[in-house]
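# Pasted the sequence and its predicted model underneath.
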2 protein chains.
Amino acid sequence: MRLEEHKLRTFGNQVFEHLGYSKEEAYICTDVLLSSDKRGIKSHGFARLPGYIRLLNEGRINPSPKLSVLREKGGTATLDADGSIGLVSASKAMDLAIAKCHKHGSGWVAIQNSNHFGIAAYHAMKALPENMIGFALTNASPLVSIANGSDRVLGTNPICVAVPSNKEIPFVLDMATSAVSNGKVEIAKRAEENLQGDWVQNSQGEISKSPLDMEKGGSLLPLGSSIENSHYKGYGLGAWVDIFCGVLSGANYGKFVPPFVSYLAPLASMPGKGIGHFVGAWDISGFRDISEFKNEMDDWIKHIKSSQAIAGKEILIPGEKEHYSQLKSEKEGVFLEPKVYEKLKDIESQYQLNTRI
Amino acid sequence: MRLEEHKLRTFGNQVFEHLGYSKEEAYICTDVLLSSDKRGIKSHGFARLPGYIRLLNEGRINPSPKLSVLREKGGTATLDADGSIGLVSASKAMDLAIAKCHKHGSGWVAIQNSNHFGIAAYHAMKALPENMIGFALTNASPLVSIANGSDRVLGTNPICVAVPSNKEIPFVLDMATSAVSNGKVEIAKRAEENLQGDWVQNSQGEISKSPLDMEKGGSLLPLGSSIENSHYKGYGLGAWVDIFCGVLSGANYGKFVPPFVSYLAPLASMPGKGIGHFVGAWDISGFRDISEFKNEMDDWIKHIKSSQAIAGKEILIPGEKEHYSQLKSEKEGVFLEPKVYEKLKDIESQYQLNTRI
């Protein structure tokens, strides 16, 4: 089913205000979730609202945090998010990075003491209207194994790079560093089907096609999936993200990263504060004339898209599918799974909101 | 066979001086190749010397370039390498990035009109003694397909991130964004063996285990290897590198990137100049106290290495194998394949050098 964007936005704003957020913050939270659903990333949109609410209700997210800059030097800074929801802290950190980028040619903010920040693309894409290239990383609770390991050591730790173009759509790479997200495994589990790829290993470190192995001590495989196909590279990328988000910011890292789900408690002893993000931007004008660059990005996109496709397939630019999903959502309404819609209706009635989604 | 480092260094210096380089530049060229062989990256060390010589002899590398800054803004700059060998231009660009990083908290240099720069790790690792995190990208001649495509569109376009630690070895991720390097396919071809993984697709876009398909219009697969295992991510990473090195710098991109081998001519009409690199550094002190960070990197490394290994396997940190290879080379001499050694002897006698390698 598809809901009108403005209805969903009003609903989101009221929910987050009900939860104690200011108008401005409620707007940001809603905007991130909405943007995710519009772009077709169903796993990170309103489907996650009940999860955020549970963490807020348990006091694991602070609804009225005081963000503070712990350290800064020219184009860099570290932010203590004071237990904020990541949707807000990462968005504000990106504003700071963009301001620094205007002044120094690039700007970078590491964030500690935060919580899950939604889709990385939301934060990185704030750079686009500024004629900057946006960058966003976050670590996340451990679900992914590392090369030669059988433990869950890293999160799905995404990397996002967003590059503006002129007439073509922007290049937006937003990818987990695991072979696939946990959501894909969950879907197979609910459908009682085998996995379609080498996504999971069992607790002994053997590649498995059974989604049930995730509940028996198994783990998601890093991008590359197998030794033969260089999954040490996916491990390396996920580790890079963990270092920038966990170690550089002073947040937690590796197995210490607190879980998103409220029924799992964080570890008793942790080296850092909350989960961490790392966001930033490069100013295109620091390297090249802006219109020259954006026109050549158009040429680059046409060059890639006009290369030979495999019979029956279409070559896509990273972010292209999400861009068209967004346009469709704006025109025809935002797609929600019926189960998610029901949960939102429950929240609406529980909080006695005057919205009618 | 293993050669003493100082002998190989003297030999390299004399070769590059013979080719027209200044003492300083000859030292850099030699140092990059030597560093590669010491770290066990045989494909990028002295084995490539004949290739560089051929390009120099054909005038496709300029032995006495004038590097010039085309543009800069705070922590960023674009460098015209004037047809320089990448070994020198990327190293000097990294020096500039480090100087900018000291001042602005991070420093970034895009390089156009360059040639192959050796191992990315050499350039990125220059940041380590400065207590910075180093970053290096380069594009390269097209060998790699993209998701849903059957053409060779991208190079093996590596990403390197180097992070200092205190007592532990540094984290050095240096990875091609293809499933494997072309060198691995060449080895299987020479041994007349099938490929051990999903590394190559044939000209129709079907995954193939035959190394011979690379000569029949096939291509290397991007990291992830198959649709099922998300090779659109490897494609996205390689595309990111191509945009930063090709479009942002004003060098060539995609299929236009000039080939490394001298028997293949560059295309007649190209949108940019030479091949491109992108190097930079983040200053740790811009985010966190340096010793605090380096100590916690030690903790992070121990945390990762002490996680559960698969029976009979060992968990390694990115760069660990190369670090131990380097230590061994310094102690026992630098390993060279007999065939490479013979070629170096030929060069020694042809140039009538007084070295005795």
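Here it is on my side, so go on.
# only C-alpha atoms for contact and neighbour calcs from this point on.
Will do.
# Might one say that A:Glu228 is in contact with B:Lys184?
No - using C-alpha atoms under 8 Å, A:Glu228 is not in contact with B:Lys184, being 11.3 Å away.
# Distance-wise, check the residue nearest to the spatial centre of chain A relative to A:Val32.
For chain A, A:Ile119 is the residue whose C-alpha lies nearest the centre (C-alpha atoms, centre = their mean; 2.8 Å). A:Ile119 sits 7 Å away from A:Val32, going by C-alpha to C-alpha, to the nearest Å.
# just A:Gly20 next, same as before
18 Å.
# Those two - which one has more neighbours?
Ranked by neighbour count (other C-alpha atoms under 10 Å in any protein chain shown), A:Gly20 and A:Val32 place A:Val32 first, with 24 against 15.
# Could I get the phi/psi values of the more buried one?
Torsion angles at A:Val32 (phi, psi; degrees, to the nearest 10) stand at phi -70, psi -50.
# Report the contact partners of it.
Counting by C-alpha atoms under 8 Å, 6 or more residues apart in numbering or on different chains, A:Val32 touches A:Gly45, A:Leu87, A:Gly118, A:Ile119, A:Tyr122.
# Tell me the one of these nearest chain B?
Nearest to chain B among the contacts of A:Val32 is A:Ile119, at 16.1 Å by C-alpha to the nearest C-alpha.
# what separates the residue nearest to A:Phe117 when sequence neighbours are not counted from A:Asp80, distance-wise?
Closest residue to A:Phe117 apart from its sequence neighbours, by C-alpha to C-alpha, 6 or more residues apart in numbering or on different chains: A:Gly86 at 3.8 Å. Plainly put, A:Gly86 is 11 Å away from A:Asp80 if you go by C-alpha to C-alpha.
# which residues are common contacts for those two?
If you check A:Gly86 and A:Asp80 against C-alpha under 8 Å, 6+ apart, the residues they both contact are A:Ser114.
# Would you mind listing what in the stretch 101-250 of chain A touches chain B?
A:103-107, A:109-110, A:146-151, A:153, A:161, A:173, A:175, A:179-180, A:196-199, A:204-205, A:223-225, A:228-230, A:233, A:236-237, A:240, A:243, A:247-250 (C-alpha under 8 Å from any C-alpha of the partner chain).
# circling back to that earlier point, you'd agree the residue nearest to the centre of chain A is up against A:Lys38?
No - in this structure, A:Ile119 is not within contact of A:Lys38 by C-alpha under 8 Å, at 11.6 Å.
# Flag every buried residue along the lowest-mean-pLDDT helix or strand in chain A.
For chain A, using mean pLDDT, DSSP states H and E, the weakest element among its helices and strands is helix A:182-190, scoring a mean of 90. Residues of helix A:182-190 classed as buried: A:Asn182, A:Val185, A:Ala188, A:Lys189 (neighbour count, 16 or more other C-alpha atoms under 10 Å in any protein chain shown).
# just curious, which of these is nearest to A:Ser329?
Nearest to A:Ser329 out of the buried residues of helix A:182-190 is A:Asn182 (C-alpha to C-alpha; 24.7 Å).
# could you list every residue that touches that closest one?
By C-alpha under 8 Å, 6+ apart, the residues touching A:Asn182 are A:Leu220.
# Can you report how many residues neighbour whichever residue of the stretch 251-357 of chain A sits closest to chain B?
In the stretch 251-357 of chain A, the residue that lies nearest chain B is A:Ala309 (4.1 Å; C-alpha to the nearest C-alpha). By other C-alpha under 10 Å, the residues close to A:Ala309 number 20.
# Quickly note the distance from it to B:Lys255.
Plainly put, A:Ala309 is 15 Å away from B:Lys255 if you go by C-alpha to C-alpha.
# do A:Thr156 as well
Between A:Thr156 and B:Lys255 the computed distance is 32 Å (C-alpha to C-alpha).
# okay, these two: which has more neighbours?
Legend: neighbour count by other C-alpha under 10 Å for A:Thr156 and B:Lys255, higher for A:Thr156 (30 against 22).
# Am I right that that one sits in a helix?
No - per DSSP: H, G, I helix; E, B strand; the rest coil, A:Thr156 lies outside any helix segment and is coil.
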